[in-house]
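>>> here is a sequence together with a model predicted from it:
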Amino acid sequence: MTDEMNVKQSGETGLEAFQGTIEEFLLSADVGVVYGEPIQHEDTIIIPTAEVLSALGFGLGSGSGTSGEQEADKPSQGSGFGGGGGGKVLSRPVAVVVASPEGVRVEPVIDITKIALAALTAFGFMAGMMARMSSHKRAFPEIEE
């Protein structure tokens, strides 16, 4: 059974399936995903916020056939079509909005692990460059005349 037959049997065309996928994917960019449910504690309201990153990709293909001229005992035949896609949604907390009688303030969420990894990466890069620059053979290769 071909892919085209599978799509027709499911009652959904390729375009309808694609549109449904896009609609579901775009629901991840809803404001409800970015701002959490407000939490009330006495006269203070706390609203968690997040950063949401969405990525989507897809591709389509087609097929080809063989000619009956190549082999006389076999008839010409061919078919094919395919498609696929994928996506990912990433989210991370970025801040908390605190509304109290004293005013509204935004408290950032600090990820110590990411800061430490960035610092280690920068330190490793600098150490590698310093080692390379201190070696005269690597820093200044000989030029043959």
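Noted; the coordinates are in hand. Note that the coordinates shown come from a computational prediction; the quantities given were computed from them, not determined experimentally. Residues are numbered from 1 along each chain as shown.
>>> next SSE downstream of the lowest-mean-pLDDT helix or strand in the chain?
Here the helix or strand of the chain ranked lowest by mean pLDDT, DSSP states H and E is helix 3-9, holding a mean of 42. Moving toward the C-terminus from helix 3-9, the next helix or strand (DSSP states H and E) is helix 14-26.
>>> please name every helix or strand in contact with that following helix.
Under the contact definition 3 or more CB pairs under 8 Å, 6 or more residues apart in numbering; DSSP states H and E, helix 14-26 sits against strand 44-66, strand 77-100. Every C-beta, even on glycine, is put in place using the N, C-alpha and C of the backbone.
>>> what mean pLDDT does it get?
The pLDDT scores in helix 14-26 average 76.
>>> tell me the SS of residue 144?
coil (DSSP: H, G, I helix; E, B strand; the rest coil).
>>> distance of it relative to residue 131?
As judged by CB to CB, to the nearest Å, residue 144 and residue 131 stand 25 Å apart.
>>> residue 81 too?
From residue 81 to residue 131 the distance is 54 Å (CB to CB).
>>> who's more crowded, those two?
Using other CB atoms under 10 Å, the more surrounded residue of residue 81 and residue 131 is residue 81, with 13 against 10.
>>> specify the beta-bridge partners of the more buried one.
Going by DSSP bridges, residue 81 is paired in beta bridges with residue 62.
>>> nearest residue to the middle of the protein?
Centroid-nearest residue in the chain: residue 55, 3.7 Å away (criterion: CA atoms, centre = their mean).
>>> pretty sure that residue is touching residue 88, no?
Yes: between residue 55 and residue 88 there is a contact under CB atoms under 8 Å: 5.3 Å.
>>> in this protein, which helix has the most residues?
When the chain is parsed with DSSP state H, its longest helix is helix 112-134.
>>> any idea of the angle it forms with strand 77-100?
Following axes from the mean of the first three to the mean of the last three CA atoms, to 10 degrees, one obtains 110 degrees for the angle between helix 112-134 and strand 77-100.
>>> please name every helix or strand in contact with helix 112-134.
helix 136-139.
>>> quick one: mean pLDDT over the helix it packs on.
Per-residue pLDDT over helix 136-139 has a mean of 60.
>>> right, I'll leave it there.
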